[in-house]
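Enquirer: Sequence plus predicted model, see below.
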2 protein chains.
Amino acid sequence: MRPTVHDIAAAAGVSLATVDRVLNQRPGVRHVTREKVENAIREIGYVRDVAAANLAKGRTYPFVFILPASDNSFMHGLNAEVRAAVARAPVDRTEIRTIEIPAFDPDALVAALEMLGEERPSGIALVATDAPEVREAVDKLVENGIPVVTLVSDLTGSRRHHYAGVDNIAAGRTAARLLGRFLGGAEGDVAVLAGSMLVRDHRERLEGFAAVIAREFPSLSILPVLEGRDDPEMAYMLVADALSKKGGIVGVYSLGAGNRGLIKALKARAADRSLTVVAHELTAHTRAALIDGTIDAILNQDAGHEVRSAIRVLKAKADGLAVIDGQERIRLDIFLKDNLP
Amino acid sequence: MRPTVHDIAAAAGVSLATVDRVLNQRPGVRHVTREKVENAIREIGYVRDVAAANLAKGRTYPFVFILPASDNSFMHGLNAEVRAAVARAPVDRTEIRTIEIPAFDPDALVAALEMLGEERPSGIALVATDAPEVREAVDKLVENGIPVVTLVSDLTGSRRHHYAGVDNIAAGRTAARLLGRFLGGAEGDVAVLAGSMLVRDHRERLEGFAAVIAREFPSLSILPVLEGRDDPEMAYMLVADALSKKGGIVGVYSLGAGNRGLIKALKARAADRSLTVVAHELTAHTRAALIDGTIDAILNQDAGHEVRSAIRVLKAKADGLAVIDGQERIRLDIFLKDNLP
DNA sequence: CCAAATTTGATGTACGTAAATCAAAATTTG
DNA sequence: CAAATTTTGATTTACGTACATCAAATTTGG
């Protein structure tokens, strides 16, 4: 049987009340006594029964998710996963509130974070916009003892407790190798479609992609990045234009959202030529394109896993418990038409 | 606030004792009363507080994991993950016991399952050997209300509650496409190294592999399967022999364990020629081979995820709760040298 | 050494559920 | 309709922890 508070009291030769004072860091315990109790805890290997403690406290975990108000499939999916978590909330004692803020707007994000500093929720998850002022706001929260995890997009050099998202440099590198190997040594140009170079994930993906292409596939050269602002219309125009003007394009890497436009352009212009295409994010559109051969591989991050992982980590941090690292590493999914879920 | 048993009692106009009788299916409640209570439960949307219930019951979940005594990296890893779960057991009220049985031995497996039928643990996870008598034994357990999940390897046509493992047909198909695309339309032979065609996962991987090669990469032809019994020595001999005799080999698919031997053979014989190699299971050996270019892609199933998923599902089944499907789908990991964890 | 301050102990209640007991009420049976 | 039986209610204790209160013991300061 697991040791209980009573066992600590017996082992330390003190009363239950004193054990309680130590465990819940209440005042009025002499230093020596406190140490006696702490030693006993260590010796008998006591771990607090979180379930019983929560029951006694009537504790719930008020968490806040800060999400950008972006109108693309991925963010919609992320939103849906957060809502699903909200629906499960009563069962696992979480109370999740979401705040929507304009995308790519550091000031709005900072304002929200500062407001939450007053409110002091049990934990905060945010899709970070990578700016110094955001980092500062996050660091301040961390300093004040509020657990913070970044979601999907990380925050350079910040002291956030955890990042629930994929390694975007690795994603870019992987895309490069897939494209390079699929092209089998062919020579030509590669078009890259991004959302915006102001977003950290996109920058990182490009960085990884460019590095591997340069080093390992020198016969391929990367054309200037097309910034489609994750907008299908704009993506369509940019890609269609590039395909018509540049005859040497043999491959396309789409590292952002707005793939609907990309697919439309590919279908319109590329029926005659064979293009190898790697894109990010599995949506209804990219899935169909993968199946019909318009896209050759899709890299994906599972928004559901990211949200659940963020919640688990926030909870663990709020309770001062350890996280299972292997469980919380968000993996990069690679989908070919054969292993679609 | 979440409704409690008291709220049910008030809503149904009965006493707490009666609510308890209904909730815990104790006898001595008239049909009409039982229905009144059940309606009230539905109307106010009561969900039992599992934490409080477990506390009151002093409940723990005695689970049993039946693992084959196979001496390969993957099974060692699986074992380690189970041990890690055992170490965490006190915290989540599980008591995990493992039983080792000889590999590929349906009789031993059936004997173990029948023994557990008497013992009645809260749940059983087993690496299934795909045989009719095993299916029958599992179905009997399920009929007797014991939650059963298959781990890593599934059981054809059985009524097990869940399968915590990857889709091996999809894995084989994915391997075929990676190999085919990486070879870029080259002509030649493909060697396939398996453990044993008596194991279901291996049969399925081969099935998926062969189907995609035949349909989409007709310029490749699959050589007769080499059965290495997941043994490094044997794998070495078989592969070395094949490489020396068959000049037209351009690719290798290793769908089982024993990759240490494969890698040795590849390094010895294939320095001069360029082979494209896809293998299963990420281990220290395959990881090194992927990095140095001996292997081009590794397909992997995360044993840690499988074990944790099995436990979550068993717990949910034991409590009669729903599982989050997306969370429990074990994904096929594809590793290139760029996205290694 | 005494009074004041601090530390410790003893005890009770609560959280939401399980499980048991005994009495009271309702229903069925002959 | 009474007796036997079944169903229901009322009440209590327990699980492991949190938290509050009050009394008793110990330490500290002057």
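Expert: Yep, that arrived.
Enquirer: make it CA atoms for all contacts and neighbour counts henceforth
Expert: Will do.
Enquirer: What is the least confident helix or strand in chain A?
Expert: One helix or strand of chain A scores below all others by mean pLDDT, DSSP states H and E: helix A:259-269, with a mean of 90.
Enquirer: That helix - contacts with which helices or strands?
Expert: helix A:232-245, helix A:284-291 (3 or more Cα pairs under 8 Å, 6 or more residues apart in numbering or on different chains; DSSP states H and E).
Enquirer: now with 10 Å?
Expert: For helix A:259-269, the helices and strands in contact under the criterion 3 or more Cα pairs under 10 Å, 6 or more residues apart in numbering or on different chains; DSSP states H and E are strand A:188-194, helix A:232-245, strand A:249-254, strand A:276-280, helix A:284-291.
Enquirer: if we compare those, which one ends up closest to B:His305?
Expert: Ranking the helices and strands packed on helix A:259-269 by proximity to B:His305 (Cα to Cα) places strand A:276-280 first, at 23.9 Å.
Enquirer: distance of the residue of the stretch 1-150 of chain A found nearest chain B from A:Ile298?
Expert: Closest approach between the stretch 1-150 of chain A and chain B, counting by Cα to the nearest Cα: A:Ala51, at 5.6 Å. According to Cα to Cα, to the nearest Å, A:Ala51 stands 41 Å off from A:Ile298.
Enquirer: what's the answer for A:Ala310, then?
Expert: For A:Ala310, the distance to A:Ile298 - Cα to Cα - is 24 Å.
Enquirer: what does the least confident helix or strand of chain A rub up against?
Expert: Helix A:259-269 is contacted from outside by A:72-73, A:193-194, A:228, A:230-244, A:252, A:254, A:270, A:273, A:275, A:277, A:279-286, A:288-289, A:294-295, using Cα atoms under 10 Å, 6 or more residues apart in numbering or on different chains.
Enquirer: Quick one, which of these are buried?
Expert: The neighbour-count test (16 or more other Cα atoms under 10 Å in any protein chain shown) marks A:73, A:193-194, A:228, A:230-240, A:242-243, A:252, A:254, A:275, A:277, A:279-283, A:286, A:289, A:294-295 as buried among those.
Enquirer: Select, out of the helices and strands packed on helix A:259-269, the one closest to DNA strand D.
Expert: strand A:276-280 (44.4 Å; Cα to the nearest atom of the strand).
Enquirer: can that closest one be found next to chain B?
Expert: No - shown here: strand A:276-280 not in contact with chain B (Cα under 10 Å from any Cα of the partner chain), separated by at least 10.6 Å.
Enquirer: Excluding residues flanking it in the chain, which one is nearest A:His280?
Expert: A:Leu299 (4.7 Å; Cα to Cα, 6 or more residues apart in numbering or on different chains).
Enquirer: How about the contacts made by the one you found?
Expert: A:Leu299 makes contacts with A:171-172, A:174-175, A:254-255, A:278-282, A:332-336, as judged by Cα under 10 Å, 6+ apart.
Enquirer: Quick check: which ranges of chain A have low pLDDT?
Expert: Applying pLDDT under 70 to chain A flags residues A:270-273.
Enquirer: Look up how far A:Val47 lies from the closest residue to DNA strand D within the stretch 201-341 of chain A.
Expert: DNA strand D sits closest to A:Asp319 of the stretch 201-341 of chain A, with a gap of 9.5 Å, by Cα to the nearest atom of the strand. If you measure A:Asp319 against A:Val47 using Cα to Cα, the figure is 12 Å.
Enquirer: Can you show me the strands along chain A?
Expert: A:61-68, A:94-101, A:123-126, A:148-151, A:162-164, A:188-194, A:220-222, A:226-227, A:249-254, A:276-280, A:297-300, A:333-335 (DSSP state E).
Enquirer: Could you dump those into CSV and include distance to A:Lys140?
Expert: Listed next are the strands of chain A as CSV, based on distance: least, Cα to Cα, whole Å:
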stretch, distance to A:Lys140
strand A:61-68, 16
strand A:94-101, 19
strand A:123-126, 13
strand A:148-151, 10
strand A:162-164, 15
strand A:188-194, 32
strand A:220-222, 41
strand A:226-227, 34
strand A:249-254, 36
strand A:276-280, 33
strand A:297-300, 32
strand A:333-335, 34
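Enquirer: hmm, back to that, what is the neighbour count of the nearest residue to the residue of the stretch 1-150 of chain A closest to chain B once chain neighbours are set aside?
Expert: Closest residue to A:Ala51 apart from its sequence neighbours, by Cα to Cα, 6+ apart: B:Ala51 at 5.6 Å. When neighbours are defined as other Cα atoms under 10 Å in any protein chain shown, B:Ala51 has 17 of them.
Enquirer: Can you name the residues of the stretch 1-150 of chain A sitting close to DNA strand C?
Expert: A:13-18, A:27-30, A:32-34, A:52-53, A:55-58 (Cα under 7 Å from any atom of the strand).
Enquirer: Buried only: go through those for me.
Expert: For these, a burial check counting by 16+ other Cα under 10 Å picks out A:18, A:33-34, A:55.
Enquirer: Closest one of these to DNA strand D?
Expert: Of all these, DNA strand D sits closest to A:Leu55, with 5.1 Å by Cα to the nearest atom of the strand.
Enquirer: who are the neighbours in contact with that closest one?
Expert: Contacts for A:Leu55 (Cα under 10 Å, 6+ apart) come out as A:49, A:93, B:49, B:51-52, B:55.
Enquirer: Mind doing that once more with 8 Å?
Expert: By Cα atoms under 8 Å, 6 or more residues apart in numbering or on different chains, the residues touching A:Leu55 are B:51-52.
Enquirer: and what of A:Ser122?
Expert: A:Ser122 is in contact with A:61-63, A:146-147, A:314-315, A:318, counting by Cα under 8 Å, 6+ apart.
Enquirer: Redo those residues as JSON lines? Include distance to A:Leu126 and neighbour count.
Expert: As requested, the contacts of A:Ser122 are exported to JSON lines (distance: Cα to Cα, whole Å; neighbours: other Cα atoms under 10 Å in any protein chain shown):
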{"residue": "A:Tyr61", "distance to A:Leu126": "16", "neighbour count": "20"}
{"residue": "A:Pro62", "distance to A:Leu126": "14", "neighbour count": "17"}
{"residue": "A:Phe63", "distance to A:Leu126": "11", "neighbour count": "22"}
{"residue": "A:Ile146", "distance to A:Leu126": "13", "neighbour count": "23"}
{"residue": "A:Pro147", "distance to A:Leu126": "11", "neighbour count": "26"}
{"residue": "A:Leu314", "distance to A:Leu126": "12", "neighbour count": "26"}
{"residue": "A:Lys315", "distance to A:Leu126": "15", "neighbour count": "22"}
{"residue": "A:Ala318", "distance to A:Leu126": "16", "neighbour count": "17"}
